[in-house]
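> okay, sequence plus prediction incoming.
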Amino acid sequence: MRMSEEDYISELRDRWPRGEDVCASREVLVIAERAVADYPRSVQLLWMRGDLLQVAPEEYASQEDPAEYYRRALAIDPANAEIWEDLGYYLDALEDDFDEAIAAFERAFALGAGAASSYGLARCLAQKGDRKAALEAIAAAFAGSPGAEHRKLLEELRSEVVEGIWDPEDQ
């Protein structure tokens, strides 16, 4: 008997990778694969599959692109700021596709995302060599009254941007 969408979501949450060395087990990856095969229009399951692929073992992760799952989820729910944000972080941190990451973070921010999207946007802008725009994104994040954790990260990023730590190597 096929599991319900809610059962898959619950099962994946119960088996979600936790701890210092976060790595998805093959078992949870297979469950997520089966879930999206059974419910290919489930925004939540597509999103979860993308997140799990980001923390999959190397030999498994190289077979599929997390961005594909984020984009499939966004095709169904384009107003989901959190998925835009996750797509942005994936494109920035793992693909070094700063232009696409910037677009994703800008979309997330326009849809109501907060400091985490501004942080990601600022990082990408800094890595592209646009210190002024990076500092403006950080200022916008501070204007949104971020929590203590994000405030600390934003302060560190602002210092690093001013110091040129994030400047592209070819500048």
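Everything's here; your move. Residues are numbered from 1 along each chain as shown.
> how far away from the center of its chain is whatever helix or strand residue 72 lives in?
In this structure, residue 72 is located in helix 66-76 according to DSSP states H and E. Using Cα atoms, centre = their mean, to the nearest Å, the mean C-alpha position of helix 66-76 is found 12 Å from that of the whole chain.
> remind me what that helix packs against, helices and strands.
The contact analysis (3 or more Cβ pairs under 8 Å, 6 or more residues apart in numbering; DSSP states H and E) places helix 66-76 against helix 43-54, helix 81-93. Every residue, glycine included, has its C-beta placed from N, CA and C.
> outline the domain layout of the chain.
The chain breaks down into these domains under automatic domain parsing: 1-78, 102-171.
> possible to save the helices and strands packed on helix 66-76 as TSV with mean neighbour count and distance to residue 26?
As requested, those are exported to TSV (neighbours: other Cβ atoms under 10 Å; distance: least, Cβ to Cβ, whole Å):
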stretch	mean neighbour count	distance to residue 26
helix 43-54	22	11
helix 81-93	22	21
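> any idea which of the domains of the chain is most buried?
Highest mean neighbour count of the domains of the chain: domain 102-171, a mean of 18 (counted as mean count of other Cβ atoms under 10 Å).
> now the helices and strands packed on helix 66-76 as JSON lines including distance to residue 101 and mean pLDDT?
Formatted as JSON lines, the helices and strands packed on helix 66-76 follow (distance: least, Cβ to Cβ, whole Å; pLDDT from 0 to 100):
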{"stretch": "helix 43-54", "distance to residue 101": "14", "mean pLDDT": "96"}
{"stretch": "helix 81-93", "distance to residue 101": "4", "mean pLDDT": "96"}
